[in-house]
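*Asks:* curious how this folds, go ahead:
(one chain, ligands or ions: 1)
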Amino acid sequence: MKNDVEKILFTKEEISEKVKYLANQIKCAYEGKNPLILCILKGSLIFTADLVRELDFPCTIDFMQVSSYGSGSETTGKLKIKKDMDSDVNGRDVIIVEDILDSGVTLSNLLPEIKRRGAKSVAVCVFLNKPERRIAEINADYIGYDIENEFVIGYGLDYDEKYRNLPYVGVLKRSVYEK
Ligand code: PRP
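*Replies:* This next block holds a predicted model:
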């Protein structure tokens with residue numbers, strides 16, 4: 001796997017510090033509110049696991065797997081729920097946790113769905129943000145890093161379902177996805 005990495009963007013140690021920083025911000029805003037941490041599979045699995053272990057107050061954790069289909073500039077109303085959460089979000093403070101915010105289409109479709117189900121509040125926490133790629137009007141409340149438009153892998157992020165288990169975030173060599 002290592003041979004396919006062009007460069008490392010964020011090391012394991014840097015990631016660990018950033019997760020602590022984000023957890024601290026969330027702690028200040030949510031302590032005592034028993035928020036529902038909503039992990040969006042699969043990419044967010046590792047970030048969520050690290051983040052919740054830095055939250056030293058009661059919270060609950062649930063999972064959804066979604067995709068947004070369609071293409072072009074259409075950004076709304078095309079949420080496909082592959083796996084739904086078990087929780088009732090009615091009256092809950094929900095924090096959606098994502099590995100990456102890219103075009104914004106996924107979140108711009110998911111957020112209204114969570115609100116429609118009666119959540120008291122919905123916030124978004126993303127580890128990586130690619131502002132350059134945005135086509136939907138969506139912003140995260142908590143952001144680990146803003147990054148350039150590069151093909152990133154590791155720390156949950158995949159190419160063709162590979163590399164999610166790399167402990168760092170790296171840029172994939174072009175030769176891997178252009179062959
Ligand atoms: C990734 C990521 C977000 C979404 C962001 O998921 O985890 O859910 O894409 O992209 P967007 O802002 O352009 O909508 P992906 O569909 O690749 O699934 P995965 O998490 O299972 O890899």
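
*Asks:* from here on, just use CA atoms for contacts and neighbour counts.
*Replies:* Noted.

*Asks:* who are the packing partners of the longest helix along the chain?
*Replies:* As assigned by DSSP state H, the longest helix anywhere in the chain is helix 12-30. On a contact count with 3 or more C-alpha pairs under 8 Å, 6 or more residues apart in numbering; DSSP states H and E, helix 12-30 meets helix 45-52, strand 142-146.

*Asks:* list the buried ones in the first one?
*Replies:* For helix 45-52, the neighbour count (16 or more other C-alpha atoms under 10 Å) marks L45, I46, F47, T48, L51, V52 as buried.

*Asks:* now, among those, which is nearest to the ligand?
*Replies:* Minimum distance to the ligand across the buried residues of helix 45-52 is 8.4 Å, recorded for L45 (C-alpha to the nearest ligand atom).

*Asks:* so the closest one makes contact with L157?
*Replies:* No: in this structure, L45 is not within contact of L157 by C-alpha atoms under 8 Å, at 9.5 Å.

*Asks:* okay if I get the buried residues of helix 45-52 as JSON lines plus distance to D102 and pLDDT?
*Replies:* Converted to JSON lines, those look like this (distance: C-alpha to C-alpha, whole Å; pLDDT from 0 to 100):
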{"residue": "L45", "distance to D102": "17", "pLDDT": "97"}
{"residue": "I46", "distance to D102": "18", "pLDDT": "98"}
{"residue": "F47", "distance to D102": "16", "pLDDT": "98"}
{"residue": "T48", "distance to D102": "18", "pLDDT": "98"}
{"residue": "L51", "distance to D102": "20", "pLDDT": "98"}
{"residue": "V52", "distance to D102": "23", "pLDDT": "98"}
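
*Asks:* got the residues you listed as CSV, with distance to V169 columns?
*Replies:* Formatted as CSV, these follow (distance: C-alpha to C-alpha, whole Å):
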residue, distance to V169
L45, 14
I46, 12
F47, 11
T48, 15
L51, 16
V52, 19
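
*Asks:* filter the residues you listed down to the ones near the ligand?
*Replies:* By C-alpha under 6 Å from any ligand atom, no member of the buried residues of helix 45-52 lies near the ligand.

*Asks:* list just the nearest of these to Y142.
*Replies:* When these are compared for distance to Y142 (C-alpha to C-alpha), L51 wins out at 11.9 Å.

*Asks:* how near is that closest one to I96?
*Replies:* Computed as C-alpha to C-alpha, to the nearest Å, the L51 to I96 distance reads 12 Å.

*Asks:* what of A136?
*Replies:* When distance is defined by C-alpha to C-alpha, A136 is 17 Å away from I96.

*Asks:* mind checking which of these two has more residues around it?
*Replies:* Counted by other C-alpha atoms under 10 Å, A136 and I96 do not tie: I96 has more neighbours, with 26 against 18.
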